[in-house]
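Chemist: got a predicted structure plus its sequence, pasted below:
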Amino acid sequence: MIKVNHLSKSFGKQQVLHDITTTITQGEVVAVIGPSGSGKSTFLRCLNLLESPTAGTITINGKNITEPKTNIAQVRQGIGMVFQHFYLFPHMSVMDNICFAPMKVKGWSREQARRKAVELLERVGLVDKAEAYPSKLSGGQKQRVAIVRSLAMEPDIMLFDEPTSALDPEMVKEVLDVIRSLAQTGMTMIIVTHEMRFAQEAANTIYFLENGRLVEKANPQQFFSGPQNERARRFLEKVL
Ligand SMILES: Nc1ncnc2c1ncn2[C@@H]1O[C@H](COP(=O)(O)OP(=O)(O)OP(=O)(O)O)[C@@H](O)[C@H]1O
């Protein structure tokens, strides 16, 4: 469970997140949507301390990760993150990309890491690409490898920051299908996305951010059939 309590974040004089309080339960899938610059990525990045909150607390499974003495590396081990740009290591094969962190951080043997990698690559339909280098993969394939690389660390929580925004349209579906199937495994996931149909289908909860405020939180059915918030209503009129 993730408890966010009065979270605020400023960059210099610009306050980007304002007093966000919410709880995300185990297995919940949250889609974070809202206009450009509303603070969606910053909110996500605070959850694994890629950005440090200016005020407020974040508690994950009972542990306050915003305390000064927090071991940030340890916190991040339990939280996978997938970015818009895949950030695969270009000089390593798909297999080595996936095995690198489990071997280095978790101390797994090469054999153990490879077994896990093969199992995950099978899940995303890419086992035949295990020895390929990233430059030989399509954008959709790279993103699926990036997802597998995160999953190989066996995280409790997965964060996705616009995972399909850099993809050609025909590759969006293959990546969303992987995320959708992951949602069905009971993984806790927070996804910043511009894919409204996906948010509607895959999420349990929609968060709508406006100017750094969490102005609406609703289940997808309620939200997409008529948001309470006026700004959310106008936003949906434009994007749907
Ligand atoms: N590292 C940073 N330093 C300074 N300002 C930042 C930084 N990161 C984000 N911002 C600013 O914070 C605001 C919110 O940015 P953020 O990327 O969180 O919004 P977003 O809702 O994810 O936007 P988009 O949908 O366009 O990706 C923006 O005004 C942005 O310029």
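Modeler: Nice, thanks for sending it over.

Chemist: now do the same for the residue lying closest to Glu174 once chain neighbours are set aside: helix, strand or coil?
Modeler: Once flanking residues are discounted, Glu174 sits nearest to Gly140: 4.6 Å by CB to CB, 6 or more residues apart in numbering. C-beta coordinates here come from the backbone N, C-alpha and C atoms, glycine included. What DSSP: H, G, I helix; E, B strand; the rest coil gives for Gly140 is helix.

Chemist: would you quantify the distance from Gly140 to Ile190?
Modeler: From Gly140 across to Ile190, the span is 22 Å (CB to CB, to the nearest Å).

Chemist: now do Lys104
Modeler: Using CB to CB, Lys104 is found at 26 Å from Ile190.

Chemist: which one of those two has more residues nearby?
Modeler: Of the pair Lys104 and Ile190, Ile190 is the one with more neighbours under other CB atoms under 10 Å, namely 26 against 10.

Chemist: ok, now which ones touch that one?
Modeler: By CB atoms under 8 Å, 6 or more residues apart in numbering, the contact list for Ile190 reads Ile24, Val30, Val32, Leu44, Leu47, Ile157, Met158, Leu159, Phe160.

Chemist: same thing with Gly139?
Modeler: By CB under 8 Å, 6+ apart, the neighbours of Gly139 are Phe86, Ala166, Leu167, Asp168, Met171.

Chemist: and the gap between it and the ligand?
Modeler: Separation of Gly139 from the ligand (CB to the nearest ligand atom, to the nearest Å): 18 Å.
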